[in-house]
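Visitor: dropping a prediction and its sequence here:
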Number of protein chains: 2
Amino acid sequence: MAQQTRPARGMRDFLPEDVRRRDYVIGIVKDVYQRYGFEPLETPALENIETLTGKYGEEGSKLIFKVLRRGEHESSGETDLALRYDLTVPLARVVAEHRGKLPKFFKRYQIQPVWRADRPARGRFREFYQCDVDAIGSRSPVVEAEMLAAVSEVLQRLGFSDFTIQLNHRVLLTALLNAAGIDAALHATALVAIDKLDKIGRDGVRDDMVGRGVSSEAATTCLEAFESPDRFDRLVAQEEGGAEARQNVAQIMELVEATAAKGHVALTPRLARGLSYYTGAIMEVAVADLAGSLGGGGRYDGLIGMFCSEQIPACGFSLGLERILVVMGERGMFPEGIGASAADVMITQFEGEPIDEALVLARELRDAGLRVDVYPDADKLGKQFKYAAARGVTFVTVAGADEHARGEVTMKNMVTGEQSAVPRGEVVARLAEATGAASRTPHPASRHDP
Amino acid sequence: MAQQTRPARGMRDFLPEDVRRRDYVIGIVKDVYQRYGFEPLETPALENIETLTGKYGEEGSKLIFKVLRRGEHESSGETDLALRYDLTVPLARVVAEHRGKLPKFFKRYQIQPVWRADRPARGRFREFYQCDVDAIGSRSPVVEAEMLAAVSEVLQRLGFSDFTIQLNHRVLLTALLNAAGIDAALHATALVAIDKLDKIGRDGVRDDMVGRGVSSEAATTCLEAFESPDRFDRLVAQEEGGAEARQNVAQIMELVEATAAKGHVALTPRLARGLSYYTGAIMEVAVADLAGSLGGGGRYDGLIGMFCSEQIPACGFSLGLERILVVMGERGMFPEGIGASAADVMITQFEGEPIDEALVLARELRDAGLRVDVYPDADKLGKQFKYAAARGVTFVTVAGADEHARGEVTMKNMVTGEQSAVPRGEVVARLAEATGAASRTPHPASRHDP
């Protein structure tokens, strides 16, 4: 009974090469975030459906995958659980639930998949990873500066040098909209239009704003202010909170000079960010050849209050792993060899040869830190070499009856084609040296766990 | 509007300490499996519902979480997707789908969560991780020997020394059931009963077998054979495939002597394994103080054929991460300090002190490989020390106006309480030395990606 074997629509199987590339990026993200004092958090893929309800707006809610109740309730068509739609709402729930156990300032990173029933398109999937950092509990601009630094360092470590992190402040935007005479009730919808400025241009945004009920004059006032920093500053300075927000942004810009983000942050009055929950600084990463951003975030001092009685300040940033991988692939930014090789050494097998010998050698090489594959069947030698080459194995060893009698092993370098007979007692040291395993630490997982 | 903040029933939030312990174990599992030449694979959390249908038996099917269709179909109550129930069926689908891209022998590991709507109980969750290794494409006993070796090495690296891997063969069991005169139609149900021998004892199993339609005499024949290796051998030798299976097991036992599994594998005629898809060797890890196993697996040469026209041989083993974590926690097997510390160094902050200085020091320390937290607010020093202690931070630095004037930084060891003034230019080297960061490699993620 042959079956459909493709993954579900908009979802992907990650074959070994894909996983190794993803793990390379995720490893760097984790390492940098840990150096900045962020701690790991993981939440369940499934949340009670009420946890997600009303958090993502009307459009977002339509994209939530809902899980049918089970057992006797199955036929009712009712749902009680839903798949994680982002990492921010689960974080807010966790902070409210575990407040007693968490430090006063809780800095966490979270790298997990989310699911959205979006129409699949190039670079848009229904299961994709988010890499979030959030700092909970402080209103200090040090939080934003450190976050901008951490994100910059991640991008630099991955090999990006041409990125800009646009910085703005929600209160500045509110002040501008007020100064332009736009009614508070229209602010949210006006920001959605302004958020498209890079995509649809000035005229497009003005038409869109007017379509959303903003007067043509007010829309023009806003759009002109985005083109003149002086005019922008003058307009927002008169409004409530405007001066304070302007100072907050100035402080962040100043602190950033002392960090890895230096030279990468640009004050960008037109930056709006679509989401409604931001209350302070907002930020977004732009790179030249990518429409859309590599990530974004901002301060949201109200969201956690939806889950508990306390108002707890928070600031977060989400890096788009899938987009980073797309750009890195297109630009050829992965270090040579990442993803390609399944093993450092393959041990061949002959008909009649004692297999134990192969297993003993495999064990010694593995103890020395090498990745070792043992060819399982006693095939023709040519077939075994071909297989090793196809899998990107660097060295192949041959130890037939002849070699055994001489106390030697034949070592073949699959890259150079070079072949040499090596005394059995020296094989491990020679291969460890040649593959660089000798200089690798044995327990990479525990690197940060002394 | 305060909301329910607990995770969904049977699911868990993993706070930083939990994640670090889980990552410690997963890191070792990955490292060992990579050394054995296994490659990483990841599949989507959601599968088309037909992919899972009919694979897990009647009881299993009830535990599958099903996802409601979306949009206009939502009200129909129909489902089109389901959450991953294990890692074996997705592997079989992947092998069928990507055959052209995969090597002839495909050895993969996969460490991902699965979801089952089981009744939650101690150590039983509705979302839990499986750590699977499978080797596809070869019938050689080298496959089983290497798998037993890899699993043994994982357990040894984690600190287990008292484990036994029980080994048996499905064809031996079939031969025994035939020899005892049990009809082939009753074999599957008889094996389910035999699988409970350790739990309900000999009399319990006999009653259970009789309840399932096996004659009392036949049940007794089987149970007696389990207690006498000679009788077992004699009975199975007469039956079809019996001698061959006995030889296969003997070969595996012999090969294992050359590997890390030496001394840990025990031929166990009563081992049955519940799942119906096994066709050859079967294995299960037992430790003294745990009812149930830490993992199990076996050869299944028929499953992949359910997804493609070809019969492809396969052998796999699944380690139960949650159980391993439970046992390690109860026995205190985690290395000291795993999970506890959020950062190596915390930099304090004073009112009036230039924050830039703190950020510059943080950057230098991070470049040296340290995990550094910057206290965000200019609180009282005592409060900052208390916070650092609570988060398991090892060193705290203080650089107020006095220190700044002297070109020094005060370094406090939070473990010993020792406090010393250090010239600013020596702080980084001193802290890197003291925390062991100096000897750590900078890019742990790329360790196996030369």
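Guide: Thanks, I have it. Keep in mind that this is a model prediction, so the values were computed, not measured.

Visitor: in which helix or strand does the residue lying closest to A:Arg99 once chain neighbours are set aside reside?
Guide: With sequence-adjacent residues excluded and distances taken as CB to CB, 6 or more residues apart in numbering or on different chains, A:Arg99 is closest to A:Cys308, at 7.0 Å. Any C-beta I mention is one placed from the backbone N, CA and C, and that applies to glycine too. Assessed by DSSP states H and E, A:Cys308 sits outside every helix and strand.

Visitor: what number of residues lie near A:Cys308?
Guide: 17 (other CB atoms under 10 Å in any protein chain shown).

Visitor: verify the stated contact: it with B:Gln4.
Guide: No - judged on CB atoms under 8 Å, A:Cys308 makes no contact with B:Gln4 at a distance of 11.3 Å.

Visitor: that older thread, residues contacting the residue nearest to A:Arg99?
Guide: A:Val95, A:Ala96, A:Arg99, B:Ala2, B:Thr5 (CB atoms under 8 Å, 6 or more residues apart in numbering or on different chains).

Visitor: tell me if stretch A:239-251 is near chain B.
Guide: No - contact between stretch A:239-251 and chain B is absent, the nearest approach being 9.0 Å (criterion: CB under 8 Å from any CB of the partner chain).

Visitor: got a list of what the nearest residue to A:Lys104 once chain neighbours are set aside touches?
Guide: Excluding its sequence neighbours, the residue lying closest to A:Lys104 (CB to CB, 6+ apart) is A:Gly137, at 5.4 Å. By CB under 8 Å, 6+ apart, the residues touching A:Gly137 are A:Pro103, A:Lys104, A:Phe105, A:Phe106, A:Ile312, A:Pro313, A:Ala314.

Visitor: how about 7 Å then?
Guide: A:Lys104, A:Phe105, A:Phe106, A:Ile312, A:Pro313 (CB atoms under 7 Å, 6 or more residues apart in numbering or on different chains).

Visitor: neighbours of the third one, just the number please.
Guide: What it means is A:Phe106. Neighbours around A:Phe106, by other CB under 10 Å: 26.

Visitor: what count of nearby residues applies to A:Asp373?
Guide: 26.

Visitor: which strands and helices lie in contact with the helix or strand hosting it?
Guide: Assigned by DSSP H and E, A:Asp373 belongs to strand A:372-374. Helices and strands touching strand A:372-374, by 3 or more CB pairs under 7 Å, 6 or more residues apart in numbering or on different chains; DSSP states H and E, are strand A:345-347, helix A:355-367.

Visitor: output the worst-scoring helix or strand of chain A on mean pLDDT as CSV, nothing but the C-alphas.
Guide: Sorting the helices and strands of chain A by mean pLDDT, DSSP states H and E puts helix A:57-62 at the bottom, at a mean of 84. Output of helix A:57-62 as CSV, limited to C-alpha atoms (Å, rounded to 0.1, in the frame of the first residue of the first chain):
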residue,chain,number,x,y,z
GLY,A,57,-5.8,40.4,16.0
GLU,A,58,-8.5,39.2,13.6
GLU,A,59,-6.1,38.3,10.8
GLY,A,60,-3.7,36.5,13.1
SER,A,61,-6.5,34.5,14.7
LYS,A,62,-7.5,32.9,11.4
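
Visitor: how far off centre is the helix or strand that it is followed by?
Guide: For helix A:57-62, the following helix or strand on the C-terminal side (DSSP H and E) is strand A:66-68. Between the centre of strand A:66-68 and the centre of its chain there are 27 Å (CA atoms, centre = their mean, to the nearest Å).

Visitor: what comes into contact with the following helix or strand past strand A:66-68?
Guide: Of the helices and strands lying after strand A:66-68 in sequence (DSSP H and E), the nearest is strand A:79-83. If you take CB under 7 Å, 6+ apart as the criterion, strand A:79-83 is touched by A:45-49, A:52, A:64-69, A:115, B:8, B:68.

Visitor: wait, which of those residues is closest to A:Gly159?
Guide: Nearest to A:Gly159 among the contacts of strand A:79-83: A:Trp115, at 29.4 Å, using CB to CB.

Visitor: what sits against that closest one?
Guide: Contacts of A:Trp115 (CB under 7 Å, 6+ apart): A:Phe65, A:Leu83, A:Arg84, A:Tyr85, A:Arg126, A:Glu127.

Visitor: what is the neighbour count of the nearest residue to it once chain neighbours are set aside?
Guide: The shortest distance from A:Trp115 to any residue other than its chain neighbours is 4.1 Å, reached at A:Leu83 (CB to CB, 6+ apart). A:Leu83: 26 surrounding residues under other CB under 10 Å.

Visitor: next: the one 5 residues further on.
Guide: Number of residues near A:Thr88 (other CB under 10 Å) recorded here: 23.

Visitor: for it, give its distance to B:Glu127.
Guide: Here A:Thr88 is placed at a distance of 20 Å from B:Glu127 (CB to CB, to the nearest Å).

Visitor: can you list the strands that the strand holding A:Asp373 pairs with?
Guide: According to DSSP bridges, strand A:372-374 forms sheet pairs with strand A:345-347 (parallel).

Visitor: returning to what we had before: tell me the most buried of the helices and strands packed on strand A:372-374?
Guide: strand A:345-347 (a mean of 27; mean count of other CB atoms under 10 Å in any protein chain shown).

Visitor: for that strand, give the mean pLDDT please.
Guide: Averaged over strand A:345-347, pLDDT sits at 96.

Visitor: pairing partners for A:Val398 in the sheet, please.
Guide: Beta-bridge partners, per DSSP bridges, of A:Val398: A:Thr410.

Visitor: contacts for the strand holding A:Asp373?
Guide: With contact meaning CB under 7 Å, 6+ apart, strand A:372-374 is reached by A:342-347, A:358-359, A:362, A:365-366, A:393, B:35, B:37, B:142, B:146.

Visitor: equivalent analysis for stretch A:266-284, please.
Guide: A:144, A:148, A:164-173, A:188, A:191-192, A:194-195, A:197, A:225-226, A:229, A:232, A:248-249, A:252-253, A:293, A:296-303, A:317.

Visitor: what comes up buried for that stretch?
Guide: Buried positions in stretch A:266-284, judged by neighbour count with 16 or more other CB atoms under 10 Å in any protein chain shown: A:267-273, A:275, A:277-284.

Visitor: go through the residues you listed and name the one nearest B:Arg371.
Guide: Out of these, the member with the shortest distance to B:Arg371 (by CB to CB) is A:Met283, at 23.3 Å.

Visitor: spit out the contact partners of the residue in the stretch 51-200 of chain A that chain B sits nearest to.
Guide: Closest to chain B within the stretch 51-200 of chain A is A:Gly77: 2.6 Å, counting by CB to the nearest CB. Counting by CB under 7 Å, 6+ apart, A:Gly77 touches B:Gly77.

Visitor: hmm, A:Ile165 is touching A:Val265, no?
Guide: Yes - if you go by CB atoms under 7 Å, A:Ile165 and A:Val265 touch, sitting 4.9 Å apart.

Visitor: how many other residues sit next to the closest residue to chain B within the stretch 1-150 of chain A?
Guide: The minimum distance from the stretch 1-150 of chain A to chain B, using CB to the nearest CB, falls at A:Gly27 (1.8 Å). A:Gly27: 18 surrounding residues under other CB under 10 Å.

Visitor: by how many degrees do the helix or strand hosting it and helix B:355-367 diverge?
Guide: Following DSSP H and E, one finds A:Gly27 within helix A:16-35. On the basis of axes from the mean of the first three to the mean of the last three CA atoms, to 10 degrees, helix A:16-35 is oriented at 140 degrees to helix B:355-367.

Visitor: parallel or antiparallel, list what pairs with whichever helix or strand comes after helix A:16-35.
Guide: On the C-terminal side of helix A:16-35, the nearest following helix or strand under DSSP H and E is strand A:39-40. Strand pairing for strand A:39-40, determined by DSSP bridges: strand A:106-115 (parallel).

Visitor: distance from the chain centre to the partner strand, please.
Guide: With CA atoms, centre = their mean, you get 9 Å for strand A:106-115.

Visitor: after that strand comes which helix or strand?
Guide: strand A:127-136.

Visitor: alright, that wraps it up for me.
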